Each structure stands twice: as C-alpha cells, then as structure tokens.
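# Fold the stuff below for me.
(one chain, ligands or ions: 2)
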Amino acid sequence: MNRLVDAALSGDHRAIARLISLVESGAPLADGVMRAIYPKTGRAHVIGITGSPGAGKSTLVDKLIGQFLDAGKSVGVIAVDPSSPFSGGAILGDRLRMQGHAVSDKVFIRSMGSRGSLGGVSGATGEAALILDACGKDVVIIETVGVGQSEVDIVKLADTVCLVLVPGMGDDVQIMKAGIMEIADVFIVNKADRDGADKVVADVRMMLDISPRVDWRPPVVKTCAERGEGVGDAVKAIDSHWYHLMSSQEGRQRRISRIESQVEGILRREIAAMVNRVWEDRKDHGVLEELLERRTDPYSLAEEILDQVLSPSR
Ligand SMILES: Nc1nc2c(ncn2[C@@H]2O[C@H](COP(=O)(O)OP(=O)(O)O)[C@@H](O)[C@H]2O)c(=O)[nH]1
Ligand SMILES: [Mg+2]
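Ligands and ions are numbered 1, 2, ... in the order given. Predicted coordinates:
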C-alpha cells in the first residue's frame, strides 16, 4: 500500500487510478490512503464546471486542458456522469471525447459515477480531487452535470465554480435557479455561435448588478467551445478568480468551510455505518416480524439502536 501511495505521489498515473478506485469502492484501506496523502494536498487550483446537460461542458473542459497544458500546468480531470439507475455504471462518452489529451502524462482524466448521491457530485469526488492535488496536478477540473443540488454541492469542492450557460434554453430559468447566482465565480456563456448569446450575457450582468457579491464581481465570458473561441478569456477569468482567492480572506474562508464540510461528511458516513451494522443485525434477528406484530414500534427500536451504538457494551 505504501508503495502504491508513493508511486501515485510521484505522479504515476496507473497508481493514481488505482488509489481513486480504492477510495471510490470504499475499501477499508481507503481511509489510510487519505490520511497518508492529506498533508500533501492544498496546492492545486480546483475548478468546478457545472451547467445543464448538453451545455458543452466536456467540450469546454477539453479546450481548457489544452490551454492549461500550454501554460505549462499539469491537469487532473474528474468527470462526474449521471449513472444509470440500473447498473450504477458511468457513461464513458465524455472520457472518450476528451481522449485527445489522455495520452499525455500531464493530463489525468477520470470518469466517476454519481452513485449514492442524486445529481452530480458523488461521495468520492472530493477524495479523488484531493488525490490528484496530492499527486502534483496544478489544476484539478471537476465537471458535474448541473442538476439542482449538485450545482450547489460543487462549491464545497471547488475553489472556482464556473457555470456554463447557453442561449435558447430558457435563460431566465437557468440563471435564476436557486442558489446559482451566489455560487458561480465565473459565468461562461457557451455556444456563442448561436443567436441569443449576447442576451444571456446581458441578463447575467443585470442579475449581478441587482445582487452583487461583496468582494468579487464574477466575470461573464462568451465561448464557442466547439471552435475553441473565447477559451483563452475563460482561462483568464478563472485565473483572476484564483488570484483573488489567494490575495483575500475569501480564499482562506472557502478552504475552511470546505474542510468543515469534509469532516462533517466523514462523521456522517461513520455514524451511518455504525447504525447500519446494528440495524442489519436486528433485522437478521427478526425485528421486522416484531414490528409487524406490533410487539415493538419504530421509535423505540430506533432509540434502542442508537443506545447500542453509543454504548456497545450494554
Ligand atoms: N453550436 C455549438 N455546439 C457546441 C459548442 N460546444 C459544444 N457543443 C456541442 O454541444 C453538444 C454537447 O456538448 P458536451 O460537451 O457533451 O456537453 P455537456 O453535456 O455539457 O458536457 C455536443 O454535440 C457539442 O459538440 C459550441 O460552442 N457551439
Ligand atoms: Mg459532459
């Protein structure tokens, strides 16, 4: 295990892939891996790319990778795809599309399912981002499908959240969706080759005027990801947000709240696992029958289970 961690930390992509799989599968060794790599994390710029399905996120990410590589940076990409409710498997289309860069040893691309959480961000996404950070990627891009809550979740993982909008998709609805205005640090209006892009830009700017952020004015950039147009401007906007974070209290604040939600997530997971063990054991010993026959009730049972978790000796 130490050898695998060392290999990953030295940048070996196969080792990195194995570590992420390990963490994704929730193997017992996963916590040890995370403990070992944690001290090496905290250097990468984590960029979240979110937006409606079909907005052009993957196409854009592909072009962003090229720009970051040109700037001499190494890049890790985590594409969180909607997983089939039946198989739980990730759709690999995005990965194939981005494969133009996958050959380079400066780029590591990984698709993850969104198993276990509705919408975009899977439980292990944050861990995968930390692994890529520790393993020396300068930039870590997380692409998530914007489905309600996941857009808001991404703010817990990313330093810079980019919201990708497109013309002609019920723009007001896209923009006004709960919480989005507050969390987007950069607005990217993609498919600028289509009619209505300027209108979306103007609408976003107007919304920003109505409810301005305290110490950051999110840039609004137009791109045509398919042709690579405007991608340089997107990178400039993303970089300027990173400098803002580095040179203000906001960066520190964001990192603190990220660590907070990380600890809370671990606690919740551990507590759920403990409770579940006792609950499964009670079911194995016929408690469902007892409930059915009204010999006990769900409330008393829940209390008993919690008691047992809190003081296992009883
Ligand atoms: N017209 C136009 N189409 C684009 C542009 N960028 C991406 N697309 C197309 O939009 C579709 C969805 O792109 P994709 O990157 O898979 O979107 P995602 O679901 O947000 O990741 C693809 O057919 C792309 O070729 C653009 O700038 N203009
Ligand atoms: Mg995609």
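# From now on I want contacts and neighbour counts done on CA atoms only, so please keep to that.
Fine.
# got the residue ranges for the strands in the protein?
Listed in chain order, the strands of the chain (DSSP state E) span 45-51, 75-81, 107-113, 139-145, 160-165, 186-189, 220-222.
# With mean pLDDT, distance to residue 230 and mean neighbour count as extra columns, can I get the ones you listed in CSV?
Formatted as CSV, those follow (pLDDT from 0 to 100; distance: least, CA to CA, whole Å; neighbours: other CA atoms under 10 Å):
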stretch, mean pLDDT, distance to residue 230, mean neighbour count
strand 45-51, 93, 16, 25
strand 75-81, 87, 20, 26
strand 107-113, 85, 22, 22
strand 139-145, 92, 18, 27
strand 160-165, 93, 13, 27
strand 186-189, 96, 9, 27
strand 220-222, 98, 6, 22
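# Same list (those) but as a markdown table, adding distance to ligand 1.
Formatted as a markdown table, the strands of the chain follow (distance: least, CA to the nearest ligand atom, whole Å):
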| stretch | distance to ligand 1 |
| --- | --- |
| strand 45-51 | 6 |
| strand 75-81 | 9 |
| strand 107-113 | 12 |
| strand 139-145 | 7 |
| strand 160-165 | 8 |
| strand 186-189 | 9 |
| strand 220-222 | 9 |
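# Mind checking these for the one nearest to residue 290?
Of all these, it is strand 107-113 that lies closest to residue 290, at 38.0 Å by CA to CA.
# Give me the distance from that closest one to the chain's centre.
Relative to its parent chain, strand 107-113 has a centroid offset of 12 Å by CA atoms, centre = their mean, to the nearest Å.
# try stretch 252-271
14 Å.
# What mean pLDDT does that stretch get?
Mean pLDDT, stretch 252-271: 89.
# Mind exporting the C-alpha coordinates of it to CSV?
Coordinates of each C-alpha in stretch 252-271 appear next as CSV, following Å, rounded to 0.1, in the frame of the first residue of the first chain:
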residue,chain,number,x,y,z
ARG,A,252,-9.0,31.1,3.4
GLN,A,253,-12.6,31.2,4.3
ARG,A,254,-13.6,28.9,1.5
ARG,A,255,-10.9,26.4,2.4
ILE,A,256,-12.1,26.4,6.0
SER,A,257,-15.7,25.7,5.0
ARG,A,258,-14.5,23.0,2.6
ILE,A,259,-12.6,21.3,5.4
GLU,A,260,-15.6,21.7,7.7
SER,A,261,-18.0,20.0,5.3
GLN,A,262,-15.4,17.3,4.7
VAL,A,263,-15.2,16.5,8.4
GLU,A,264,-19.0,16.6,8.7
GLY,A,265,-19.2,14.2,5.7
ILE,A,266,-16.8,11.7,7.3
LEU,A,267,-18.6,11.9,10.6
ARG,A,268,-22.0,11.3,9.0
ARG,A,269,-20.6,8.4,7.0
GLU,A,270,-19.1,6.8,10.0
ILE,A,271,-22.1,7.2,12.2
